[in-house]
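Chemist: Provided below are the primary sequence and the corresponding predicted coordinates.
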Amino acid sequence: MEYEQSPTGAPASRRDLHPRPERRTRKAKTLRPPHPRTLARALVVGAIAVATIGLPATGLLAPTSAGASVVAVSADAPATAEILASAPQATTPTSVLAPSSVGLRDVQAVSRSVERNPLPDCTGVVVETSGNGLIPAKDLCTLWDGTHMLRGDAAVALTELNENFKAAFGRNLCLTDAYRTLAVQRRLAYTKPGLAATPGTSNHGWGLAIDLCGAETGSSGVMGWLAENGPAYGWVNPNWAKRGGSGAYEPWHWEYLPGTTAMGTNY
């Protein structure tokens, strides 16, 4: 069997007799553009990374001539790890913890009201549960002397008046009578005819009237002070009890005008 000669004169090899097929050239891959959603996510993540790590670590932004901002890195800037380690933990915003100015004013107003109330055990609330002279003690307020009682609103007003009286005279206002039960009204009508009201009709029976001691009515200074300051607290010597009035002259008898006016008994 004869073999063809190679160009060099040597016999042709079997590889020469069977030439290799041409190699296929690999086609270059075409890069596909990123999906819009993937690109958006990448931009968001990058922005968060810059805001939470890059900006705190580099400080302020230095404006460029074009109006854009570039990161101004300081040579003494702390490492990112140090910043993250020293970062304060999330807390409730101060604006949420702090009470509003309106709420604070309301609390202060209530506090001052409590401080002004000279009868801490008396709310000043009017309790209408029974008739004249039949009001139970629990529905009345005891005055500063621990003995006499009045309706809540009248008691608070009189005690406030007494606080001012005490500042002017250095002592408490002296009383001989306040709320009267129906039994006491009947006894007085029997023992003092012409001076006591018909039992069941007296403003004492509603807890709206007081009688002053003789030491008060005998002092022109005290009576003048009460005539000038009493009405500011609702307490007056009614017209019928004044000299020349429709009733007996009783300068010691004083009534809580807002209460008697509301009940129609200020005659």
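Modeler: Yes, it's here.

Chemist: what about residue 148, neighbour count?
Modeler: By the measure other Cβ atoms under 10 Å, the count of residues near residue 148 is 20. Quick note: C-beta positions are derived from backbone N, CA and C, even for glycine.

Chemist: got a list of what it touches?
Modeler: Residue 148 makes contact with 142, 175, 177, 178, 179, 210 under the criterion Cβ atoms under 8 Å, 6 or more residues apart in numbering.

Chemist: and with 7 Å instead?
Modeler: 175, 178 (Cβ atoms under 7 Å, 6 or more residues apart in numbering).

Chemist: what bits of the stretch 1-150 of the chain have low per-residue confidence?
Modeler: By pLDDT under 70, the low-scoring segments of the stretch 1-150 of the chain are 1-116.

Chemist: and stretch 237-247, C-alpha only, in CSV?
Modeler: Output of stretch 237-247 as CSV, limited to C-alpha atoms (Å, rounded to 0.1, in the frame of the first residue of the first chain):
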residue,chain,number,x,y,z
ASN,A,237,-77.4,89.4,104.8
PRO,A,238,-80.7,89.2,103.0
ASN,A,239,-82.8,92.3,102.5
TRP,A,240,-85.7,91.0,104.7
ALA,A,241,-83.2,90.6,107.6
LYS,A,242,-81.9,94.1,107.4
ARG,A,243,-83.1,97.1,109.3
GLY,A,244,-86.4,98.2,107.8
GLY,A,245,-86.8,94.9,105.9
SER,A,246,-89.9,92.8,105.6
GLY,A,247,-88.8,90.5,108.4
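
Chemist: Pull the residues that contact it.
Modeler: 249, 250, 251, 253, 254, 255, 266, 267.

Chemist: Helices of the stretch 51-200 of the chain, start to end?
Modeler: Counting by DSSP state H, counting those that start in this stretch, the stretch 51-200 of the chain has helices at residues 55-58, 80-86, 94-97, 101-116, 152-169, 182-191.

Chemist: Quick check: strands, which of the contacts of stretch 237-247 are part of them?
Modeler: Among those, the ones falling in strands (DSSP state E) are 253, 254, 255.

Chemist: Nearest residue to the first one in space, please, no chain neighbours.
Modeler: Translated: residue 253. Among residues not flanking residue 253 along the chain, residue 241 sits closest, at 4.8 Å (Cβ to Cβ, 6 or more residues apart in numbering).

Chemist: so how far is residue 266 from the one you found?
Modeler: 11 Å (Cβ to Cβ, to the nearest Å).

Chemist: for residue 221, same thing?
Modeler: Relative to residue 266, and taking Cβ to Cβ, residue 221 is found at 27 Å.

Chemist: now swap in residue 125 and tell me
Modeler: Look at residue 125 and residue 266: by Cβ to Cβ, they are 21 Å apart.

Chemist: So for the two, which sits in the more crowded spot?
Modeler: residue 266 (18 against 11).

Chemist: The more buried one contacts residue 257, doesn't it?
Modeler: Yes. If you go by Cβ atoms under 7 Å, residue 266 and residue 257 touch, sitting 6.3 Å apart.

Chemist: can you tell me which residues contact residue 205?
Modeler: Counting by Cβ under 7 Å, 6+ apart, residue 205 touches 132, 133, 180, 182, 185.
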